[in-house]
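*Asks:* Got a sequence here, can you build the structure:
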Amino acid sequence: MTQAIRFETPFGEVRLGRLEGETIIDAVAAPAVGFDSTPEAWETIRNAAGKSYALQDVKVLAPINPGKLIAIGLNYQSHVEETNLKHPDAPVVFAKFPSSITGPNDTIVIPREETRPDFEGEVGIVICKRG
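*Replies:* All right, here's what the predicted structure looks like:
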């Protein structure tokens, strides 16, 4: 299985590449949006033949750099119960800022004034085609 990776080189360049174990094969400069998951983008990753980087020598970034993030809150019963809130009659929709995206090894900063941070997994869906 081909694995795509978005990373920052030791020289500060943001690139896309193919991950092979602990080695990255450079493909192209990453577009502003990151990896877009189109068939053409996957083909570029499969055909990567650029410089090799050891995984430990680069900064692994989030695969995408989204323009907007839309989230649904209180969307499962156990979360409603743990927050001691009433189950909403309609979905609770809210936005997150793109700057909230972190890479897999980045430190998550919890603001000092936050008294009840949530600790939960998130699932992201990337929509690549216009409806």
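
*Asks:* So which residue of the protein lies furthest out from the middle?
*Replies:* Lys86 (30.8 Å; CA atoms, centre = their mean).

*Asks:* For my notes, confirm it occurs in a helix.
*Replies:* No - going by DSSP: H, G, I helix; E, B strand; the rest coil, the assignment for Lys86 is coil, not a helix.

*Asks:* which ones are touching the residue nearest to it when sequence neighbours are not counted?
*Replies:* Once flanking residues are discounted, Lys86 sits nearest to Val80: 7.6 Å by CB to CB, 6 or more residues apart in numbering. In this view, the C-beta of every residue, glycine as well, is placed from N, C-alpha and C. By CB atoms under 8 Å, 6 or more residues apart in numbering, Val80 lies in contact with Leu74, Lys86, His87.

*Asks:* now do Gly103
*Replies:* Lys59, Val60, Leu61, Ala62.

*Asks:* got it, and Lys59?
*Replies:* Lys59 touches Phe7, Glu8, Gly103, Asn105, counting by CB under 8 Å, 6+ apart.

*Asks:* That one pairs with what?
*Replies:* Glu8 (DSSP bridges).

*Asks:* ok, the residue nearest to Lys86 to Asp89 distance?
*Replies:* 12 Å (CB to CB, to the nearest Å).

*Asks:* Mind listing what's buried along the lowest-mean-pLDDT helix or strand in the chain?
*Replies:* Between all helices and strands in the chain, the lowest mean by mean pLDDT, DSSP states H and E belongs to helix 77-83, at a mean of 83. For helix 77-83, burial by neighbour count (16 or more other CB atoms under 10 Å) applies to no residue.

*Asks:* re earlier: make TSV from the contacts of Val80 and add pLDDT to it.
*Replies:* Output for the contacts of Val80, formatted as TSV (pLDDT from 0 to 100):
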residue	pLDDT
Leu74	85
Lys86	86
His87	87
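
*Asks:* can the residues you listed go into TSV with extra columns for distance to Gly12?
*Replies:* Output for the contacts of Val80, formatted as TSV (distance: CB to CB, whole Å):
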residue	distance to Gly12
Leu74	41
Lys86	49
His87	47
